[in-house]
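>>> please find the sequence and the predicted model below.
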Amino acid sequence: MSETRDLPVLVGVDGSESATQAVRWAAREAAGRGVPLVLVSVWSPVPPGVPHAAPLGSYEDALIEQGTLWLDDAAAAAAEAAPGVPVTTRLAVGSVAGQLVGRSASAALVVLGSRGLGGLTGLLVGSIAVAVATHGHCPVVVVRGTPAQEGPVVVGVDGSPTSREAIRFAFDAAALRGAPLVAVHAWSDGPGLGRRRSQDLGTQDLGTQDQATQEHGAQALDRWLADARADHPDVRVERVVAPDGPTAALLDRAKDARLVVVGSRGRGGFRGLLLGSTSQALIYHAPCPVAVVPPAE
């Protein structure tokens with residue numbers, strides 16, 4: 001975290017319970033890092049071209065008042081979760097996703113709830129969270145489930161550039177928490193295919209080709225982890241080479257985790273696809289907070 005040690009943790013606020021939970025998580029994270037917390041609420045003005053927009057000034061005033069109240073409530077929640085953390089509130093105007101993405105360039109971390117007040121019933125992850133995780137300039141944490149204070153940090157590893165950044169972030173997060181790290185490398189090309197094969201045949205009956213693939217994956221995992229392990233010798237590491245698709249393998253390990261970390265896109269992504277399918281699946285379905293780490297700029 002050396003490059004970002006002076007930058008704040010930024011959290012989006014919209015008055016939802018999900019956002020309040022994100023504020024509490026972000027406040028504790030800021031306290032652990034020894035950095036300030038910035039709370040941002042964004043309201044969107046009525047476009048001038050909308051018919052009868054002129055009389056809507058009072059409506060916009062109400063949005064400003066509501067945003068201010070949300071920020072006050074969020075600041076109180078942050079103070080309760082992490083007393084003593086410096087808190088700044090910002091009420092911004094414009095596109096919610098645009099404001100958060102823009103501000104992510106001067107933040108160490110952006111933290112969001114899994115869904116906000118704008119979400120439709122049944123929408124598991126708000127469109128804002130997906131947009132910011134896709135385009136953010138810094139790591140983005142989507143706070144899902146009930147954040148645990150125990151358990152390991154889990155990181156998905158595939159050797160891609162974003163995976164390398166995810167490894168660094170995960171080691172830092174594990175060291176900050178005094179937590180073990182579980183590094184998961186999945187070597188099946190199809191989700192669940194490798195697991196079905198190992199269940200059907202038994203691990204001891206895997207074919208020679210599969211055993212060689214497993215050994216190659218373990219060796220590659222050691223190489224990919226080497227630099228970060230040298231920087232964090234006190235972090236206890238469990239290596240997992242899973243005969244499964246990456247989404248299934250990470251969701252399985254996330255059940256007992258306090259945080260799961262992935263790159264914004266891995267080796268399986270198509271050119272131009274900014275947020276990979278594994279990253280998207282985790283922020284939709286993981287039972288714990290998910291950190292999506294972009295490539296180094």
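Okay, I see it. Numbers count the residues shown, from 1 in each chain.

>>> residue 79: which element?
If you go by DSSP states H and E, residue 79 is part of helix 57-81.

>>> buried residues in that helix?
For helix 57-81, the neighbour count (16 or more other Cβ atoms under 10 Å) marks 63, 67, 70, 71, 73, 74, 75, 77, 78, 81 as buried. All C-beta spots, glycine's among them, are computed from the backbone N, C-alpha and C.

>>> helices or strands up against the helix or strand that it is followed by?
Using DSSP H and E, the helix or strand that follows helix 57-81 in sequence is strand 87-93. If contacts are counted by 3 or more Cβ pairs under 8 Å, 6 or more residues apart in numbering; DSSP states H and E, strand 87-93 sits against strand 37-43, helix 57-81.

>>> quick one: name whatever helix or strand follows strand 87-93.
Following strand 87-93 toward the C-terminus (DSSP H and E): helix 96-103.

>>> what angle do the helix holding residue 79 and strand 87-93 make?
Relative orientation of helix 57-81 and strand 87-93, computed by axes from the mean of the first three to the mean of the last three Cα atoms, to 10 degrees: 160 degrees.

>>> just want the angle from helix 57-81 to strand 37-43.
160 degrees.

>>> ok now helix 57-81, how far from the chain's centre?
Distance of helix 57-81 from its chain centroid, counting by Cα atoms, centre = their mean, to the nearest Å, is 25 Å.

>>> who touches it?
11, 13-15, 19-20, 23-28, 37, 39, 41-46, 85, 87, 89-91 (Cβ atoms under 8 Å, 6 or more residues apart in numbering).

>>> how does it look with 6 Å?
13, 15, 20, 23-24, 27-28, 37, 39, 41, 43, 45, 87, 89, 91 (Cβ atoms under 6 Å, 6 or more residues apart in numbering).

>>> just the buried ones from those residues, in ChimeraX syntax?
Buried residues among those (16+ other Cβ under 10 Å), as a ChimeraX selection:
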select :13,15,20,23,24,27,28,37,39,41,43,87,89,91
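
>>> low-confidence ranges in the stretch 101-250 of the chain?
Within the stretch 101-250 of the chain, the segments meeting pLDDT under 70 span 116-126, 188-209.

>>> re the thing from before, which of the helices and strands packed on strand 87-93 sits closest to residue 114?
In terms of Cβ to Cβ, the element of the helices and strands packed on strand 87-93 nearest to residue 114 is helix 57-81, at 16.3 Å.

>>> pLDDT averaged over the closest one, what's the number?
The pLDDT scores in helix 57-81 average 92.

>>> can I assume residue 253 sits in a helix?
Yes. When DSSP: H, G, I helix; E, B strand; the rest coil is applied, residue 253 is found to be in a helix.

>>> thought it was touching residue 154?
Yes. When contacts are counted by Cβ atoms under 6 Å, residue 253 is listed as touching residue 154 (4.7 Å).

>>> who touches both of those two?
residue 182.
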